[in-house]
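Participant: Using only what follows, build the 3D model:
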Amino acid sequence: MKKITHFLLLMLVSVTMWAQYQEPVKFSVEQKKISDSEIELIFTGTVDPGWHVYSTDIADGGPTAATITFETKEGVKPAGKLTPKGKVLTKHDALFDMQVSYMEGKAVFSQKLKITAPQYKVSGYLTFGSCNDENCMPPTNVEFNYSGKGVPAGETKEAAAEKKDAKAEETQEAVLEIEEHPATVEDSVATDTAATSVATLPAAGGEQGQISDYWKPVIQELNAFGTEGTTADRSFWSIFFLGFLGGLVALFTPCVWPIIPMTVSFFLKRNKDKAKGVRDAVTYGISIIVIYVALGLIVTGIFGASALNALSTNAIFNIFFFLMLVVFAASFMGAFEITLPSSWSSAVDSKAESTTGLLSIFLMAFTLALVSFSCTGPIIGFLLVEVSTTGSIIAPTIGMFGFALALALPFTLFALFPTWLKQMPKSGNWMNCIKVCLGFLELAFALKFLSVADLAYGWRLLDRETFLALWIVIFALLGFYLLGKIKFPHDEDEDEGKVGVTRFFLALISLAFAVYMVPGLWGAPLKAVSAFAPPMKTQDFNLYTNEVHAQFTDYDAGMAYAKQHGKPVMVDFTGYGCVNCRKMELSVWVDEKVSSLINDEYVLITLYVDDKTPLPEKVTVQENGAERILRTVGDKWSYLQRTKFGANAQPFYVLIDNNGMPLNKSYSYDEDVDKYVDFLQTGLNNYKKNK
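Facilitator: Next comes the predicted model:
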């Protein structure tokens, strides 16, 4: 029994380590002979779904670009630059405010070399960066080392052979001369081959004393606290609830609400058996779900995973989405009505009457989808646009399932409980009020997509303060509309001066939200709208200074300081090219509770795993049975993260005491402020308890 327990614990630790340590990109390298005087180095990478590898043409200040470094070039010289091959995608990265190019699925890079001597030797490494929607890998090196024979460029084979024979004769003559005139002094042999340092990093038990323990692996101790789950499941739930909310809103529109009692009554009256009437109503609801889920699948099938991801920052698509949402908003406000051809619904309706059974019920549900399009179309359009730009291949399907479930639920519930039909609110001007409110919301969200295009083209028409000013006006006007101060063409006149209690509270919320955004014009973070507004750096006038800055960017120096002052440590593994690292800093670290805990209670050590600063001397390490060379400061910190904590993705936050032992489970990308505060507070409490 004890052996089984030990085996299960070992499996648990192994699975946990696997969950933290990721290798989403695997590269292989080969040498290809193009001609007698030219060779080609080909790097081929297999990229896991959801991940991408950045290409070569990334501007300074952006994510890690693919680059090639030569350590030895004997008898060869580069013929051109490192070149990406295959499908290279381009998008605008809002955080870095630049165009970035990347590859998905398969990443191939090529470097051509011209041979300049009969024998050649070339060695070095390819450096690449990779990210997904939540994490980024540290810059990774792909080593290569090749040698061979060839014909120098511009020289024929015959000439090369003659040159080789002549060199052999010279060598033979030199040997004879040496034999005739023996050397009387010791000869020295020079070499231009660079030696790789075998300097070692701090290790437990070394002569460096306490500092050496800082590098001691604590993977098992860290895993004992548990691990944070990814945000993927939660994001899918949020997409589902967004769709469900859209379906609930669609229920209360003039195109859907009046149909509910008529449809349910029809099913119950046409069947003498009440149970069969309930079954028909349930089948009707299921048919609605099937129709809208099929719509989500069609969207996914048309665009595919990579295109859905590209939509999030593609300027042309975002301009199209902006215009589409503006048109939908105008339609909801009464400028015109978006309807499908009446012949479509008439044809489907007549077909439903001429058939029986399940097909008849399905066609009735399809008729509902067509007839209600003028109200549901703009909601579905916004929903599909919003979830498609998440980059998830199944997001449209999940969103449509939530929408359809909310839309179908009343037909089933009212069939099960027919007495509820008498308690349904009657149709009236309140449904038109919902449509107009939706128009205001669609107009506000349209600006989000225009903002992406504005950043892509650098128009600077919609900087952060301009965006916020427009949102303030939109939500203020929505509040005045709810108070009856603004009228649209299809609004019915109500008793002058009277406003319903519900409308009053909705107006209060809208006006309060408008006032909440006013400080943002002077730089307030406005976390509630941070996902929609342009980046803070587009703000021309910013008075906000509550930011968190690292106390140390060197691990050993920071640990020594923490030991001297008796404080716990927060190690922040980040990267200059890590998008989600910046998101965490802008949306979570600016919170007053978070910033005060980090600044006052911890020693913050920020380690950039893509720092290209060369180490004083190269370091050769053994890792997983293979030899690895650490050349840069970033290599060193990435090695620390892998060997000490068993992880290699960023962002990655870990709390340790001043002896290097973990105080809580690690934390990755999750913008839940309360969860982050609990993460910090738990680590602090454990430190005080152990102390």
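
Participant: So which residues lie in contact with stretch 573-584, not counting its own?
Facilitator: The contact list for stretch 573-584, computed with Cβ atoms under 8 Å, 6 or more residues apart in numbering, reads 54, 61-64, 93, 95-96, 129, 131, 133-136, 138-139, 606-611, 634, 637, 641, 647, 650-654, 669, 671. Quick note: C-beta positions are derived from backbone N, CA and C, even for glycine.

Participant: One more pass at 6 Å, please.
Facilitator: Stretch 573-584 has contacts (Cβ atoms under 6 Å, 6 or more residues apart in numbering) with 63-64, 95, 129, 134, 136, 606-610, 641, 650-652, 669.

Participant: from those, which is closest to Arg460?
Facilitator: Leu95 (16.8 Å; Cβ to Cβ).

Participant: what pLDDT does the closest residue in space to Gly50 that isn't next to it in sequence get?
Facilitator: Sequence neighbours aside, Asn132 is the residue nearest to Gly50 in space, at 4.8 Å (criterion: Cβ to Cβ, 6 or more residues apart in numbering). On pLDDT, Asn132 comes in at 80.

Participant: What about Asn132, how many residues nearby?
Facilitator: When neighbours are defined as other Cβ atoms under 10 Å, Asn132 has 21 of them.

Participant: That one touches Val53, doesn't it?
Facilitator: No: the criterion here is Cβ atoms under 6 Å, and Asn132 misses it with Val53 at 10.9 Å.

Participant: Look up which helix or strand the nearest residue in space to Pro254 that is not next to it in sequence falls in, please.
Facilitator: Nearest residue to Pro254, sequence neighbours excluded (Cβ to Cβ, 6+ apart): Met431, at 4.6 Å. In this assignment (DSSP states H and E), Met431 forms part of helix 429-457.

Participant: So for that helix, what gets flagged as buried?
Facilitator: 430-456 (16 or more other Cβ atoms under 10 Å).

Participant: from the contacts of stretch 573-584, which has minimum pLDDT?
Facilitator: Leu95 (61).

Participant: ranges for the strands of the stretch 351-500 of the chain?
Facilitator: With DSSP state E, counting those that start in this stretch, there are no strands along the stretch 351-500 of the chain.

Participant: Low-confidence regions, it specifically.
Facilitator: 351-357, 385-393, 427-428, 455-458, 493-497 (pLDDT under 70).

Participant: Now with 90, please.
Facilitator: By pLDDT under 90, the low-scoring segments of the stretch 351-500 of the chain are 351-404, 407-435, 438-439, 441-442, 445-446, 448-464, 484-500.

Participant: would you list every one of the helices in it?
Facilitator: 357-371, 373-388, 395-416, 429-457, 464-482 (DSSP state H, counting those that start in this stretch).

Participant: With the stretch 1-150 of the chain instead?
Facilitator: Using DSSP H, counting those that start in this stretch, helices in the stretch 1-150 of the chain cover 2-20.

Participant: Could I get the contacting residues of Thr412?
Facilitator: Ala281, Val282, Gly285.

Participant: What count of nearby residues applies to the nearest residue to it once chain neighbours are set aside?
Facilitator: Nearest non-adjacent residue to Thr412, counting by Cβ to Cβ, 6+ apart: Gly285, 4.4 Å away. By the criterion of other Cβ under 10 Å, Gly285 has 22 neighbours.

Participant: what's near enough to touch Gly285?
Facilitator: Ala408, Phe411, Thr412.

Participant: Would it be right to say that it lies in a helix?
Facilitator: Yes: if the criterion is DSSP: H, G, I helix; E, B strand; the rest coil, then Gly285 is within a helix.

Participant: measure Ser37 to Glu627 for me?
Facilitator: 32 Å (Cβ to Cβ, to the nearest Å).

Participant: Please identify which of these two sits among more neighbours.
Facilitator: Neighbours of Ser37 and Glu627, each counted by other Cβ under 10 Å, are more numerous for Ser37; the result is 20 against 10.

Participant: does the more buried one really touch Val151, like I thought?
Facilitator: Yes: with contact defined as Cβ under 6 Å, Ser37 and Val151 form a contacting pair (4.9 Å).

Participant: circling back to that earlier point, neighbour-wise, which of the contacts of stretch 573-584 leads?
Facilitator: Neighbour max across those (other Cβ under 10 Å) = Val609, 32 neighbours.
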